[in-house]
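[1] Starting from these lines, generate the structure:
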Amino acid sequence: MLNFLYYPVSAVMWFWHQAFALVLGPSSGFAWALSVVFLVLTLRAIMIKPFLSQVRSGRRMRVIAPQLAEIRRRHAGDKQKMAEETQKLQREHGVSMMGGCLPLLIQMPVFLALLHVLRYFNRPGLTFEQNSAIGNYVFGPDEVRSFLEARLFGAPLSSWVRMPQSLLDSFGAHVDRWEVVVVAVPLMLLAAVATHVTARNSQRQQLATQTVVPEPGTQAAQMAGFMKLTPWIFPLGVIVGGLFFTFPIAILLYWLTNNCWTMVQQHLVHKAMDREDERLAEQRAAAAVVAGDTAPRPGARPATPARKPGAKPVAAGARRAGPAQVSPAARRPAGTSGKAAAGRRKPGARKGGRH
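    Have a look, this model is predicted:
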């Protein structure tokens, strides 16, 4: 059903095995173990961008948490209005609920495909000879046999703690159960610790973005109580699966690598984003200080513009001459004195005298 995922995943593992086989040999247990490790690292590197989108969405939710709480309080009786206001606020701040769920939706089928490929090397119910005669997607029968014979510190990568002794004996050379336990149990415990740390970090980030405290007795409160147990349930599942179920050493190696990557990625990404948030907060604070210094005080007159250098101040009440104001002397014709101009009468004018 998921062949469109099984083939690419097995192809990535095949590529890394071919690369390490050039140095360590095609049947080396370390070459196969490193191919599993780098298969996980390759898939996780591809999904860094969705993870960053998820973290940014969670941090924006933390910023708008008080506003979301206010919307819920104000529109407690109108669910439709509450949903509209919530979506509007999320759009304004670039928060996408799908962006927070997208990494999980991508990771689940990919890592189910990875687990399936690893399990398919050693199909339950088949003997060593039967499994080694069947291919595993891009791996041919010879490569499947090489994987089944590969050992890590003496234990076959495809073996598990409660593997029947008849299957252990079918690996060719005799394999004692204690050899499997010595390798599987430390991997199991390390994977459980890494799972606990990553689950607690994820829970801490989720609680930081929580906007409403669920009321006791409600379904939301029961779900919140279950989420508090997840940092302990998931590691317990790794231990139980490793001890009592068919969790081969290769799958325990995958689980450990995956959770170690998550643990380191969470630390580095959140630390970098904390520094980014601090830098943005400092820039906003500096901009607010500058705006406060330049703004006029309440009741104060706005500052007058500065005069140009060399310009004379204008006395209060003085009228500025416009371009239409011309002196009387400038109106006289050229070459005419003041007396001549005064003695010249208009036509029809009477001579002045005493009456």
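
[2] Against A281, how distant is the spatially most central residue of the chain?
    Centroid-nearest residue in the chain: L52, 1.7 Å away (criterion: C-alpha atoms, centre = their mean). Distance check for L52 against A281: by C-beta to C-beta, to the nearest Å, it reads 20 Å. Glycine gets a C-beta too; all of them are placed from N, C-alpha and C.

[3] before we move on, what about V183?
    In terms of C-beta to C-beta, V183 sits 49 Å off from A281.

[4] Neighbour count: those two, which is higher?
    Neighbour totals were compared for V183 and A281, and V183 leads with 22 against 10 (other C-beta atoms under 10 Å).

[5] Apart from its chain neighbours, what residue comes closest to the more buried one?
    Sequence neighbours aside, A155 is the residue nearest to V183 in space, at 4.1 Å (criterion: C-beta to C-beta, 6 or more residues apart in numbering).

[6] Could you double-check that the one you found lies in contact with L252?
    No: with contacts counted by C-beta atoms under 8 Å, A155 stays clear of L252, the gap being 10.7 Å.

[7] for W178, what are its contacts?
    Counting by C-beta atoms under 8 Å, 6 or more residues apart in numbering, W178 touches no other residue.

[8] For it, what is the enclosing helix or strand?
    Assigned by DSSP states H and E, W178 belongs to helix 177-208.

[9] if you average pLDDT over that helix, what comes out?
    The average pLDDT within helix 177-208 is 85.

[10] Can you mark which positions in that helix are buried?
    Using 16 or more other C-beta atoms under 10 Å as the test for burial, helix 177-208 gives 179-180, 183-184, 187-199, 201-202, 205.

[11] Could you tell me the angle between the stretch of helix or strand A281 belongs to and helix 177-208?
    For A281, the host element (DSSP H and E) is helix 249-294. In terms of direction (axes from the mean of the first three to the mean of the last three C-alpha atoms, to 10 degrees), helix 249-294 departs from helix 177-208 by 20 degrees.

[12] Let me know the average pLDDT across helix 249-294.
    When pLDDT is averaged along helix 249-294, the result is 82.

[13] Show me how far that helix is from its chain's centre.
    Relative to the mean C-alpha coordinate of its chain, helix 249-294 is positioned 9 Å out (C-alpha atoms, centre = their mean, to the nearest Å).

[14] Doesn't I134 lie inside a strand?
    No: counting by DSSP: H, G, I helix; E, B strand; the rest coil, I134 falls outside a strand, being coil.

[15] quick one: contacts for it?
    R123, L126, P141, V144.

[16] Equivalent analysis for V193, please.
    P235.

[17] what about L168, how many residues close to it?
    Neighbours of L168 under the rule other C-beta under 10 Å: 19.

[18] tell me which element it is part of?
    helix 165-169.

[19] Now do the buried residues in stretch 113-123.
    So for stretch 113-123, counting by 16+ other C-beta under 10 Å, buried means A113, L114, L115, H116, V117, L118, R119, Y120, F121, N122.

[20] Now intersect those with the helices, please.
    For those, membership in helices holds for A113, L114, L115, H116, V117, L118, R119, Y120, with DSSP state H as the criterion.

[21] confidence score at the last one?
    Here, the pLDDT recorded for Y120 equals 86.

[22] Just give the nearest non-adjacent residue to it, would you?
    Nearest one to Y120, counting by C-beta to C-beta, 6+ apart, is N136 at 4.9 Å.

[23] for the chain, what spans make up the helices?
    Using DSSP H, helices in the chain cover 3-24, 29-46, 48-63, 65-74, 79-92, 97-120, 128-132, 141-149, 165-169, 177-208, 219-244, 249-294, 328-331, 338-343.

[24] Count the residues that sit near P66.
    Considering only other C-beta under 10 Å, P66 is surrounded by 10 other residues.

[25] Would you mind measuring from it to D78?
    Between P66 and D78 the distance is 20 Å, computed by C-beta to C-beta.

[26] Roughly how far does M227 sit from R200?
    11 Å.

[27] let me redo that: V110
    Taking C-beta to C-beta, one finds V110 at 24 Å from R200.

[28] picking that back up, can you count the residues close to the residue nearest to Y120?
    23.

[29] so what's the closest residue to I64 other than its chain neighbours up against?
    Spatial nearest neighbour of I64, chain neighbours left out: H93 (5.3 Å); criterion: C-beta to C-beta, 6+ apart. When contacts are counted by C-beta under 8 Å, 6+ apart, H93 touches R60, V63, I64.

[30] Between the two ends of stretch 23-37, how far is it?
    Stretch 23-37 has an end-to-end distance of 16 Å (C-alpha to C-alpha, to the nearest Å).

[31] residues in contact with it?
    Contacts for stretch 23-37 (C-beta under 8 Å, 6+ apart): 13-14, 16-17, 20-21, 118, 143, 146-147, 149-153, 157, 250, 253-254, 257.
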